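Enquirer: what's the 3D shape of this:
(chains A and B)
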Amino acid sequence: MGGIVFSRVRKAFGSFVAVKDLDLEIGAGEFVSLLGPSGCGKTTTLRMLAGLEFPTAGTIAIGGRVVNDVAPGKRNVAMVFQSYALYPHMTVGENIAYPLRKQGVARAEREARVRAVAETLQLGALLDRRPKQLSGGQQQRVALGRALVREPAAFLLDEPLSNLDAKLRAHMRAELIELHRRVGKTFVYVTHDQLEAMTMSDRIAVMHEGVLQQFAPPRVIYDQPANLTVAGFIGSPAMNVMDAELVAAAGGAVAANGLLRAPLAAPGGGAGGARTIRLGVRPEDVLLGAGPLSGRIRVVEPTGHETIVAFEAAGASFVARAAADFSGAPGETVPFDLRSARLHVFDGATGGRLELSGAGPISAA
Amino acid sequence: MSRLDRRYAWLGVLLIAPTVLIFCMVIVYPLVSAIYLSLFSIFTPTLTGHWVGFANYADLVGSHEFWRSLFNTALWTVLTLVLQIALGIAMALMLHQNMVFRSLARSLILFPYFVSTVVAVLVWRWLFNDLYGILNHLMLWAGMFSAPIDWLGTMPNALASIVLVGAWKYFPFVVIAVLARLQSIPEQLYEAATIDGAGAWSRFTDVTLPQLREVLLVVVLLRAIWDFKEFDLIYLLTGGGPVIATQTLPRMVYKAAFGLNQMGRAAAVAVSMMLVMLAFMVVYLRIASRREREGRA
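Expert: As a prediction, the model looks like this:
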């Protein structure tokens, strides 16, 4: 129960296509984040799932039942809105009880269930307050309570933490993870915050311009981004990307540009012919202090537990994560190396990931 | 208090002084003067007379005309108000929907409110006219009556007519206020209710109406005060007739002051009217202060 399947779902607003032929299978009990920049179609996808928007084409199934023509209230899903959407004239207790009232649940049972949910979310003392009298975090919990009390097959959350301050956000993240573990229901979570998606999700669906880019566990998304869009969106600071030429060499291929030569190997054999590629490397895989390459430091940003260093080498900009005690200063020249095993290779034309990996030390061009 | 503080205090007094002065001139003076006049028997054209104490008020308490006028005023206020509110909410809900020519309809709906009362009443008098009026013509044509109806000269038609015209003239005010509030109700509340299983009617009663409560309270109070002292519409439409069947208190004040030349008596009616309106005012202030408290909470 509670599994969700999008099949060839498309949503157009006039001539603007918000979601393009989406195929997505979310397992029952899974915590899935829809992640992407604003306008990527993630919220539209969630709203179609809730029944607030109707797909232009394709089908959406919840728990094996196609719900395209099912009213929102009958889909057995609960939604938590970014603005919480609490009924301002009702008390906390009445807010939480509202979905049960609409289902015709008897008063005694209603009160018992509201009390149970309030207990879970530590809202017991606030049941007689009005939303206006609550803090942002408390309102958030009431919104969660209103969703929980229905015991739905799936929870839909639309950027529920974005109105909270940083500290509370970290706290609520942990609470949500715990809540998901406890109720074991399907969670579909829309966010533009990669940290939220990475920390909470079983799997992340990265979307861009209405197209699903990659759907995989957070570790896979980070380590093996399906394309340059995903690679650029996930990770902060963003992945360093440079142009290079792929040329055939003995035992594999070599990526070369004005800065470096990196031997590459294709696990499946056959690196293909010579062509333009994009070479990516994460900031933590740029090793400052020693190595065959050299660059000139532009900016040094100590954050306390590490130092972010921006530098230039052969006309390309790089960002590196260095140790907290990094001592370089802007204008200085610094030697560096790249972890060759952690190089990402993308097609120069399509941006798609190429199954090539570093096969030996990098040398200067 | 430092010198600077004193200077600021004086500046404050200086800044507020014009308002206080104008307030005294246009509110306090006429008010005190009306109360003062009501204690005299005064001949209007010469404004001369003699002290009679509370005799004017004693007269009113014993006067059938006063009680009838008070009753008429209350009846007119309640009936036209109910009609205005019902019509206003319904129209606002309609204009809140996405429909073709919405902006045009929103502008047109304000027409009755903006048109001058004299013009509006003249038009309505033509519509109601028993010989040439379109209303009688259509009703006769439809076979609803066999003879023309006298809409303004008999009861209860005259009362129904002023209530109808009053509602027509003033319901746009309700539309504007309610529509403004409707537009500020967050769409997500409706979406949340929809997902919670609320149908269209439930969404109206559980989301829309509670959100309208505050604005409706203010609208009802303001409109009640304005309707209570309505003069021109009723004066022009029926003149308070037949006889005094639709005569309201403002009409009685006018008649006493300029028809019967009894300025003292007129002032006494006006002061009595003010007392009734004071009750509305107290309710309004209590609600306003409660809202302010809740706003702070």
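Enquirer: for chain A, see how far away residue B:157 is.
Expert: Using Cβ to the nearest Cβ, to the nearest Å, residue B:157 is found at 42 Å from chain A. Quick note: C-beta positions are derived from backbone N, CA and C, even for glycine.
Enquirer: what's the burial count for residue 73?
Expert: Defaulting to chain A. Counted with other Cβ atoms under 10 Å in any protein chain shown, the neighbours of residue A:73 add up to 19.
Enquirer: let me rephrase: I mean chain B.
Expert: Quick note: residue B:73 (other Cβ under 10 Å) scores 23 neighbours.
Enquirer: do the same with the one 5 residues further on
Expert: Here the neighbour count serves as a burial measure; for residue B:78 (other Cβ under 10 Å) it reads 14.
Enquirer: one more: residue A:363?
Expert: 14.
Enquirer: right, and it touches residue A:256 too?
Expert: No - using Cβ atoms under 8 Å, residue A:363 makes no contact with residue A:256, being 9.7 Å away.
Enquirer: and the nearest residue to residue A:238 once chain neighbours are set aside, what element?
Expert: The shortest distance from residue A:238 to any non-neighbouring residue, by Cβ to Cβ, 6 or more residues apart in numbering or on different chains, is to residue A:232 (5.4 Å). Assessed by DSSP states H and E, residue A:232 sits inside helix A:228-233.
Enquirer: C-terminal to that helix, what's the next element?
Expert: Beyond helix A:228-233 in the direction of the C-terminus, DSSP H and E gives the next helix or strand as strand A:240-249.
Enquirer: quickly run through the sheet partners of that next one, with directions.
Expert: Its sheet considered, strand A:240-249 pairs with strand A:252-256 (antiparallel), strand A:275-281 (antiparallel) by DSSP bridges.
Enquirer: run through the residues that contact residue A:45.
Expert: Going by Cβ atoms under 8 Å, 6 or more residues apart in numbering or on different chains, residue A:45 touches A:6, A:9, A:11, A:19, A:22, A:24, A:34, A:190, A:207.
Enquirer: at 10 Å what do you get?
Expert: A:6, A:9, A:11, A:18-19, A:22, A:24, A:34, A:36, A:53, A:55, A:60, A:156, A:188, A:190, A:205, A:207, A:210, A:212 (Cβ atoms under 10 Å, 6 or more residues apart in numbering or on different chains).
Enquirer: in strands, which of those residues fall?
Expert: Using DSSP state E, the subset of the contacts of residue A:45 located in strands is A:6, A:9, A:11, A:18-19, A:22, A:24, A:34, A:60, A:156, A:188, A:190, A:205, A:207, A:212.
Enquirer: near chain B too, which of those?
Expert: Residues of the ones in strands among the contacts of residue A:45 in contact with chain B (Cβ under 10 Å from any Cβ of the partner chain): residue A:156.
Enquirer: and of the ones in strands among the contacts of residue A:45, the nearest to chain B?
Expert: residue A:156 (8.4 Å; Cβ to the nearest Cβ).
Enquirer: contacting residues around that closest one?
Expert: Contacts of residue A:156 (Cβ under 10 Å, 6+ apart): A:4, A:34, A:45-47, A:49-50, A:52, A:75, A:77-81, A:147, A:186-190, B:195.
Enquirer: change it to 7 Å
Expert: Residue A:156 sits next to A:46, A:49, A:50, A:77, A:79, A:188 when contact means Cβ atoms under 7 Å, 6 or more residues apart in numbering or on different chains.
Enquirer: what of residue B:270?
Expert: Taking Cβ under 7 Å, 6+ apart as the test, what residue B:270 contacts is B:34, B:253.
Enquirer: next one: the one 3 residues further on
Expert: Under the criterion of Cβ under 7 Å, 6+ apart, the contact list for residue B:273 reads B:229, B:249.
Enquirer: in a helix, it, correct?
Expert: Yes - assessed with DSSP: H, G, I helix; E, B strand; the rest coil, residue B:273 lies in a helix.
Enquirer: most proximal residue of the stretch 151-297 of chain B with respect to chain A?
Expert: For the stretch 151-297 of chain B, Cβ to the nearest Cβ, closest residue to chain A: residue B:197, 3.4 Å.
Enquirer: just give me the neighbour total for that residue.
Expert: 20.
Enquirer: helices - which of the contacts of residue A:156 land there?
Expert: With helices taken from DSSP state H, the overlap with the contacts of residue A:156 comprises A:46, A:49, A:50.
Enquirer: ok, the second one touching residue A:188?
Expert: Translated: residue A:49. Yes - taking Cβ atoms under 7 Å as the definition, residue A:49 is a contact partner of residue A:188 at 6.4 Å.
Enquirer: between the two, what contacts are shared?
Expert: Common neighbours of residue A:49 and residue A:188 (Cβ under 7 Å, 6+ apart) are A:4, A:156.
Enquirer: any weak-confidence spans in chain B?
Expert: B:294-297 (pLDDT under 70).
Enquirer: and it, which residues reach chain A?
Expert: B:186, B:188-189, B:191-192, B:194-198, B:202, B:207, B:210, B:297 (Cβ under 7 Å from any Cβ of the partner chain).
Enquirer: now for those residues: which two are most distant?
Expert: Spatial extent of those (Cβ to Cβ) is set by the pair B:197 and B:297 at 30.6 Å.
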